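Engineer: the following block contains a protein sequence and its predicted model.
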Amino acid sequence: MDVLSIGQVRIHSGGASQEAALQEAADILVSAGAVTPAYVDAMRQREETVSTYMGNGLAIPHGTNETKDAIVASALSVVRYDGGVDWAGEPVTFVVGIAGRGDEHLEILSQIAILFSDEDEVAKLTAAQTPDELFALLSAVND
């Protein structure tokens, strides 16, 4: 099963609060059938412990290890906020919600980290005009 589908990719022209962005990341994962609604609390708990800001305008909210039972299937949500998100004091454009069954989250995390560590790739992701274009650039995560 693919971890990312076109329905899990969104682009907003405006910005959002960290809380709203976190909620949207969780809502997309819930809609995809990947997590139960309890997962958003696990994502909040993780942020209270350590910020999931990764640099290069990326935050990757995900749940704590204690809440593995809230995960039904591995999946991603990708939301680009062109107006930006203040993520615990850091500027974020991309919020990538991650739910991984078992150890799958480690592999998904590393793929996202590699993609966003390449500034040329980030520039392409930022320039994508539509969710379809953005999805096409990200579809390697399904390989």
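Structural biologist: Perfect, thanks for sending it.
Engineer: buried set for the helix or strand of the chain with the lowest mean pLDDT?
Structural biologist: Least confident helix or strand of the chain, by mean pLDDT, DSSP states H and E, is helix 104-117 with a mean of 88. Across helix 104-117, burial judged by 16 or more other C-beta atoms under 10 Å covers Glu104, His105, Ile108, Leu109, Gln111, Ile112, Leu115, Phe116. For every residue, glycine as well, the C-beta is placed using N, CA and C.
Engineer: likewise for stretch 16-29?
Structural biologist: Quick answer for stretch 16-29 (16+ other C-beta under 10 Å): Ala16, Gln18, Ala21, Leu22, Gln23, Glu24, Ala25, Ala26, Ile28, Leu29.
Engineer: residue boundaries of the helices in this structure?
Structural biologist: Here the chain has its helices, by DSSP state H, at 18-31, 39-49, 104-117, 119-127, 131-138.
Engineer: where among the ones you listed is average confidence lowest?
Structural biologist: Mean pLDDT is lowest for helix 104-117 among the helices of the chain, at a mean of 88.
Engineer: list the contacts for Arg44?
Structural biologist: Leu22 (C-beta atoms under 8 Å, 6 or more residues apart in numbering).
Engineer: closest to the centroid, which residue in this structure?
Structural biologist: Residue closest to the mean C-alpha point of the chain, counted by C-alpha atoms, centre = their mean, is Val96 at 1.2 Å.
Engineer: contacts only, for that residue.
Structural biologist: Ala25, Leu58, Ala59, Ile60, Pro61, Leu76, Ser77, Val78, Val79, Ile112.
Engineer: which strand runs longest in this structure?
Structural biologist: With secondary structure taken from DSSP state E, the chain has its longest strand at strand 75-87.
Engineer: packing partners of that strand?
Structural biologist: Using 3 or more C-beta pairs under 8 Å, 6 or more residues apart in numbering; DSSP states H and E, the elements in contact with strand 75-87 are strand 9-12, strand 15-16, helix 18-31, strand 90-99, helix 131-138.
Engineer: partners of that strand, with directions?
Structural biologist: Taking DSSP bridges as the criterion, strand 75-87 pairs within the sheet with strand 9-12 (parallel), strand 15-16 (parallel), strand 90-99 (antiparallel).
Engineer: the inter-axis angle of it versus helix 39-49?
Structural biologist: 40 degrees (axes from the mean of the first three to the mean of the last three C-alpha atoms, to 10 degrees).
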